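**Q** Mind looking at a prediction? Sequence and model below.
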Amino acid sequence: MFIITDEIKEEERLIPNIKVQHRAKRLIKMASGSKKVIIAALVGNTLISITKFAAALITGSSAMLSEGIHSLVDTGNQMLLLYGLKQAKKPPDDMFPFGHGKEIYFWSFIVAIFIFALGGGISLYEGIQHLQNPRLISNPLVNYIVLGLAMLFEGAAWFFAFREFSRAKGKWGYLEAIHRAKDPSVFVVLFEDTAAILGLLIAFAGVALSQITGILYFDSTASILIGLILVGTAIWLAYETKGLLIGESANLVVIKTIREILLSKKLIENVNEVLTMHMGPDYILANISVDFKDDATANEIEFVISEIDQTIKKHYPQVKRIFIEAEKRQNASKI
């Protein structure tokens, strides 16, 4: 069985740069810190929404009401994300043999819909209503205090989410990391918090300009702008989670590593295709088609397949299931 022992050094030589591998693993394993990020945002938004609604009730500010709705929607969304994370950890069963990992993708998409319909829609409606029937803001000092506290809490939640995302993304750029990330919960919270901070700044400007100039339309205009920010955020999040929900492949680094592990085996004449799919943030399904040498025995093929399975899972524990199909190169399907 020289096939097995003599190929170890060759296999290690073919594995991609270890730093690149670690970067891919960090993005795949982003789920480990996502629960803490969501809980931090949930606590912050619950407190913020209560104070914003109280301030809107006291002052009659349209922008403050929109911000209260925004924070309330965020609170509900974070509860949905926590529920999605819990459901995603359910073990496989007869009906779902590959587990429930895609639950987090589904609930992340629902969050995007809620931001669009509830957050953006209601804010736009309130802003338009107040444009038609402007109201004088009373006790503007209350708004400033609440906005200041909200900025403090939102800033802390945003920093927590940003730190977790930055730690996971490694040296990749932020947009590239979002595209590559397979756990949407962290960047959903990060986008929500970013939109919240922008909304707070707009609300502050709207209240201040209404007070300084006496033009009440600034407050309602701020509400409309907050609604537009929420709609834009929702569209972006829906776009990013759509691919994961449909069935996105593993990162190219993972696929390249699997392919090179296969090519390091002397019994394999050609790697026809390596198909992967994320069944959840930390669950990758791999379907591999290879052309074995004609003189390979059944025992040798069985041994090599077992070794391939162990080697791939050693490099990427997230690859839970591997299916290897022996197929002649000329008969392999082309994608």
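**A** Arrived safely, thanks for sending.
**Q** What segments of the stretch 151-300 of the chain are helices?
**A** Assigned by DSSP state H, counting those that start in this stretch, the stretch 151-300 of the chain shows helices spanning 174-180, 184-213, 217-246, 252-263, 298-315.
**Q** looking at these, which has the lowest confidence?
**A** Least confident of the helices of the stretch 151-300 of the chain, judged by mean pLDDT, is helix 174-180 with a mean of 69.
**Q** hang on, the earlier thing: present the helices of the stretch 151-300 of the chain as a markdown table; the columns should include distance to Val37.
**A** (C-beta placed from N, C-alpha, C; glycine too.) As requested, the helices of the stretch 151-300 of the chain are exported to a markdown table (distance: least, CB to CB, whole Å):
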| stretch | distance to Val37 |
| --- | --- |
| helix 174-180 | 15 |
| helix 184-213 | 5 |
| helix 217-246 | 15 |
| helix 252-263 | 24 |
| helix 298-315 | 27 |
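**Q** quick one, which of the ones you listed is nearest to Phe114?
**A** helix 217-246 (8.0 Å; CB to CB).
**Q** how far does the closest one sit from the chain's center?
**A** Counting by CA atoms, centre = their mean, to the nearest Å, helix 217-246 is centred 16 Å from the centre of its parent chain.
**Q** buried residues in that helix?
**A** If you call a residue buried by 16 or more other CB atoms under 10 Å, then helix 217-246 has these buried ones: 217-227, 229-234, 236-238, 240-241, 244.
**Q** next one: stretch 129-138
**A** For stretch 129-138, using 16+ other CB under 10 Å, the buried residues are His130, Leu131, Pro134, Ile137.
**Q** ok now it, how far from the chain's centre?
**A** 38 Å.
**Q** What is the end-to-end distance of that stretch?
**A** Stretch 129-138 has its terminal residues 18 Å apart, counting by CA to CA, to the nearest Å.
**Q** ok, longest strand in the protein?
**A** strand 268-280 (DSSP state E).
**Q** burial measure for Leu152, as a count.
**A** Other residues within reach of Leu152, judged by other CB atoms under 10 Å, total 12.
**Q** Arg321 - that's part of a strand, no?
**A** Yes - assessed with DSSP: H, G, I helix; E, B strand; the rest coil, Arg321 lies in a strand.
**Q** where does it land on pLDDT?
**A** Predicted confidence (pLDDT) for Arg321: 94.
**Q** One more: the one 5 residues further on?
**A** Listed pLDDT for Ala326 reads 88.
**Q** Leaving out the residues flanking it, which one is nearest to it?
**A** Nearest non-adjacent residue to Ala326, counting by CB to CB, 6 or more residues apart in numbering: Phe292, 5.5 Å away.
**Q** and if you look at Asp309?
**A** Ile322 (5.2 Å).
**Q** Mind checking the helices of the stretch 151-300 of the chain for the one nearest to Lys52?
**A** Short answer: helix 184-213, nearest of those by CB to CB, at 8.9 Å.
**Q** Which other helices and strands does that closest one contact?
**A** Secondary-structure packing of helix 184-213 (3 or more CB pairs under 8 Å, 6 or more residues apart in numbering; DSSP states H and E): helix 31-59, helix 62-88, helix 103-114, helix 140-169, helix 217-246.
**Q** and with 10 Å instead?
**A** Here helix 184-213 touches helix 31-59, helix 62-88, helix 103-114, helix 140-169, helix 174-180, helix 217-246, going by 3 or more CB pairs under 10 Å, 6 or more residues apart in numbering; DSSP states H and E.
**Q** Taking helix 62-88 as reference, get the angle to that helix.
**A** 170 degrees (axes from the mean of the first three to the mean of the last three CA atoms, to 10 degrees).
**Q** how much does helix 184-213 deviate in direction from helix 217-246?
**A** 170 degrees.
**Q** Enumerate every residue touching the residue lying farthest from the centre of the chain.
**A** Relative to the centre of the chain, and counting by CA atoms, centre = their mean, the farthest-placed residue is Asp295 at 46.8 Å. For Asp295, the contacting residues are Leu267, by CB atoms under 10 Å, 6 or more residues apart in numbering.
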